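Visitor: below: sequence and its predicted model.
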Amino acid sequence: MRSSRTRARALGAAGAALLLASVATAAPTATATTGPPPPKPRLTDAQVDKAVARLDSNIADVMRRTGVPGLSVAVVHNDKVIYLKGFGVRKVGEPARVDPDTVFQVASLSKPLSSTVIAGTLADPADWDRHVDLPGFALKDPWVTAHVSTADLFSHRSGLPDHSGDLLEDLGYDQSYILGHLREEPLSPFRASYAYTNYGPTAAGEAVARAKGVSWEKLSQDTLFKPAGMTRTSTTFKAFVNAPDHAATHVKNADGTWSARFVRDPDAQAPAGGASSTARDMSRWMRLQLSGGTLDGHRIIPEATLARTHLAEIVSQAPTTRYGPTGFYGLGWNVSYDDAGRLRLSHSGAFELGANTTVTMLPLEQLAIVVLTNGAPIGQADAVSLDFFDTAEHGKPTTDWLDVAEALYAAQLDQPGRSGTDYAHPPAGAKPARADSTYTGTYDSPYFGKLTVTADPGKPAGQGLVLGLGPKPERYALTHYDGGTFSFETRGENAVGRTGVTFTDGKVRIEYLDTEHLGTFSRSG
């Protein structure tokens, strides 16, 4: 994964559920001659009941230790909802409580929801491997563009770099622009490399919807949400914010309190991250998943096309030791196997602007849990899920899962995406800025579009420059650092703190936009 973009949202979207599950499992033991024995169910009703009985106290502990404002949980076992509760408040400072019907943004839990939708449109599992054309969408290699399949895009093996397109979304570009400019991104080997993206699955979902002659929202409603009775689930931001009982998103302040400071509109990546739902609706979807596409005696999704989504498509996490776990990605799912050889399906979702969610299923045990929270990702959702399964397996938790999850998320936040330069402290003997006219003007990038630099004539040279990025544009005050180098504070889902802006020979390079060498703009006026 591209280090400069491997942030907590990336971890939450795919890696957390996989990496944390890996911590809880050991490599299966087997001989080369006999192979592993076929897995068998191991959990009794009594074991599951014990894990359920612990949920209330564990959730209370997680909420107390993290301060996360609200949380909703559903557990399904043997086609029955055996736990369904809400905790805390929808929004800090307001009295409305979270309940099982509170609508949360689910972030990247949208991906397994969306792969369920697509499975519902297909007649045969092999249809996942067909190319579906989407006008305006192309990759850098024309051959790959013509052959990339729905499965390639949903399993993150198209060759696109990690989180391609996300920075364009942060700058305010719409879905059409983003999908139309992914052709500028360099490609890794097709079908031989894994890199997590939001706009790969988005392109696939939009292509399938267009082929059906409908919008992604209508396809989702008609194929899955309405037939499954998921009455409060949607793929549009409008539906989320208009829901009278929706949970606001929250970020943690330096003093440990939480604030509803941001509103995250993910419509541009709807198939990958735009869904909103409730614990009750998600419990119906988990029942459908564990029943092979049926719900309450009715066939909703073809069994074979749904089963294909549960298969490993590509290695997503190589073993870190000789006996370490190997992680796989399927079609919208993390796919792994525990120490008993049982299939484990999982996915987490995270918006750094205020949401953390997770779902984990053990199909052989007919057991699944979903955890939805309205706080930025610090491991709270994963900790509840991991503690639940650990208790079911061992009668009590074998470790403090919140400590484990918090440490893993913190490690992802403290990653190389943040500049190695401390722009708050210019070097001794820093060179002064040149005249403002040296920097002001219009610049262009084939990928990021137009950039403008304007100056406040009432301020000294280099002290009143403002950079404009994106279609609106987003404006950032520049702070002088040294000579032709300035900085600004990044904003949005992919913010990395202060980043550098360097002017040289009619060009300007934005440090955090240049991870794939696409962040240099050339003067055009």
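Guide: That came through fine.
Visitor: and the helices in the stretch 251-400 of the chain?
Guide: 270-273, 279-290, 303-308, 380-394 (DSSP state H, counting those that start in this stretch).
Visitor: deepest of those helices, which one?
Guide: helix 270-273 (a mean of 30; mean count of other Cβ atoms under 10 Å). Quick note: C-beta positions are derived from backbone N, CA and C, even for glycine.
Visitor: which strands and helices sit next to that helix?
Guide: Contacts defined by 3 or more Cβ pairs under 8 Å, 6 or more residues apart in numbering; DSSP states H and E place helix 270-273 against helix 110-119, helix 199-212, helix 216-220.
Visitor: try it again with 10 Å
Guide: Here helix 270-273 is seen to pack against helix 110-119, helix 150-154, helix 166-170, helix 199-212, helix 216-220, strand 343-351 when contacts are counted using 3 or more Cβ pairs under 10 Å, 6 or more residues apart in numbering; DSSP states H and E.
Visitor: just to revisit the earlier point, make CSV out of the helices of the stretch 251-400 of the chain and add distance to residue 454 and mean pLDDT.
Guide: Putting the helices of the stretch 251-400 of the chain into CSV (distance: least, Cβ to Cβ, whole Å; pLDDT from 0 to 100) gives the following:
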stretch, distance to residue 454, mean pLDDT
helix 270-273, 33, 98
helix 279-290, 47, 98
helix 303-308, 53, 98
helix 380-394, 42, 98
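Visitor: on that earlier part again, the helices and strands packed on helix 270-273: which one's closest to residue 314?
Guide: Nearest to residue 314, of all those, is helix 150-154, at 9.2 Å by Cβ to Cβ.
Visitor: could you dump the helices of the stretch 251-400 of the chain into a markdown table and include distance to residue 516?
Guide: Shown next, in a markdown table, are these (distance: least, Cβ to Cβ, whole Å):
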| stretch | distance to residue 516 |
| --- | --- |
| helix 270-273 | 19 |
| helix 279-290 | 35 |
| helix 303-308 | 31 |
| helix 380-394 | 29 |
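Visitor: so which of these comes closest to residue 341?
Guide: Minimum separation from residue 341 across the helices of the stretch 251-400 of the chain (Cβ to Cβ) falls at helix 380-394, 13.9 Å.
Visitor: just checking, next helix/strand downstream of that closest one?
Guide: As assigned by DSSP states H and E, the chain's next helix or strand after helix 380-394 is helix 401-413.
Visitor: grab the nearest non-local neighbour of residue 225.
Guide: Spatial nearest neighbour of residue 225, excluding adjacent residues (Cβ to Cβ, 6 or more residues apart in numbering): residue 233 at 4.9 Å.
Visitor: do residue 309 as well
Guide: Closest to residue 309 by Cβ to Cβ, 6+ apart is residue 331, at 4.0 Å.
Visitor: now do the contacts for the one you found.
Guide: For residue 331, the contacting residues are 111-112, 114-116, 118-119, 128, 150-151, 153-155, 201, 204, 305-306, 308-313, by Cβ atoms under 10 Å, 6 or more residues apart in numbering.
Visitor: the same query, at a cut-off of 8 Å, please.
Guide: The neighbourhood of residue 331, defined by Cβ atoms under 8 Å, 6 or more residues apart in numbering, consists of 115, 118, 119, 128, 151, 154, 155, 308, 309, 311, 313.
Visitor: measure the residue lying closest to the fourth one once chain neighbours are set aside to residue 330 for me?
Guide: Spatial nearest neighbour of residue 128, chain neighbours left out: residue 151 (4.2 Å); criterion: Cβ to Cβ, 6+ apart. From residue 151 over to residue 330 the distance is 9 Å, taken as Cβ to Cβ, to the nearest Å.
Visitor: could you do residue 233 as well?
Guide: 21 Å.
Visitor: between the two, which is the more surrounded one?
Guide: Neighbour tally, residue 233 and residue 330, criterion other Cβ atoms under 10 Å: the higher count belongs to residue 233, 26 against 23.
Visitor: bridged to residue 521, which residues?
Guide: On the basis of DSSP bridges, residue 521 is bridged to residue 508.
Visitor: just checking, it touches residue 452?
Guide: No. Using Cβ atoms under 8 Å, residue 521 is not in contact with residue 452; the gap is 9.9 Å.
Visitor: between those two, which is the more surrounded one?
Guide: Between residue 521 and residue 452, counted using other Cβ under 10 Å, residue 521 has the larger neighbour count: 25 against 16.
Visitor: where in the protein is the helix or strand with the lowest mean pLDDT?
Guide: Least confident helix or strand, the chain: helix 8-10 with a mean of 40, by mean pLDDT, DSSP states H and E.
Visitor: any regions of the stretch 301-450 of the chain where pLDDT drops low?
Guide: Applying pLDDT under 70 to the stretch 301-450 of the chain flags residues 319-325, 413-417.
Visitor: rerun that using 80 as the cut-off
Guide: 318-326, 411-418 (pLDDT under 80).
Visitor: that older thread, touching both of residue 521 and residue 452, which residues are there?
Guide: With Cβ under 8 Å, 6+ apart as the test, residue 521 and residue 452 both reach residue 443.
Visitor: which residues sit in contact with the closest residue in space to residue 114 that isn't next to it in sequence?
Guide: Using Cβ to Cβ, 6+ apart and skipping residues adjacent in sequence, the residue nearest residue 114 is residue 271, 4.5 Å away. Residues in contact with residue 271 (Cβ under 8 Å, 6+ apart) are 110, 111, 114, 201, 202, 204, 205, 206, 216, 235.
Visitor: now list the buried members of those.
Guide: 110, 111, 114, 201, 202, 204, 205, 206, 216, 235 (16 or more other Cβ atoms under 10 Å).
Visitor: can you tell me which residues contact the nearest residue to the fourth one once chain neighbours are set aside?
Guide: Using Cβ to Cβ, 6+ apart and skipping residues adjacent in sequence, the residue nearest residue 201 is residue 272, 4.4 Å away. Neighbour list for residue 272: 108, 110, 111, 114, 197, 198, 199, 200, 201, 202, 205 [criterion: Cβ under 8 Å, 6+ apart].
Visitor: I'd guessed the fourth one sits against residue 219; true?
Guide: Pointing back at residue 114 there. No. Look at residue 114 against residue 219 with Cβ under 8 Å: they stay out of range, at 9.6 Å.
Visitor: shared neighbours, these two?
Guide: Common contacts of residue 114 and residue 219 (Cβ under 8 Å, 6+ apart): none found.
Visitor: sorry, back to before: got any residues that touch both of residue 151 and residue 330?
Guide: What both residue 151 and residue 330 touch, as defined by Cβ under 8 Å, 6+ apart, is the set residue 313.
Visitor: hey, where'd the strands end up in the stretch 401-525 of the chain?
Guide: 441-445, 449-455, 465-469, 474-477, 479-482, 485-489, 498-504, 507-510, 520-523 (DSSP state E, counting those that start in this stretch).
Visitor: in TSV: those strands, plus distance to residue 101.
Guide: TSV is the format used below for these (distance: least, Cβ to Cβ, whole Å):
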stretch	distance to residue 101
strand 441-445	45
strand 449-455	41
strand 465-469	40
strand 474-477	36
strand 479-482	47
strand 485-489	38
strand 498-504	41
strand 507-510	43
strand 520-523	48
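Visitor: right, so of these, which gets closest to residue 336?
Guide: Among the strands of the stretch 401-525 of the chain, strand 498-504 sits nearest to residue 336 (Cβ to Cβ), with 35.3 Å.
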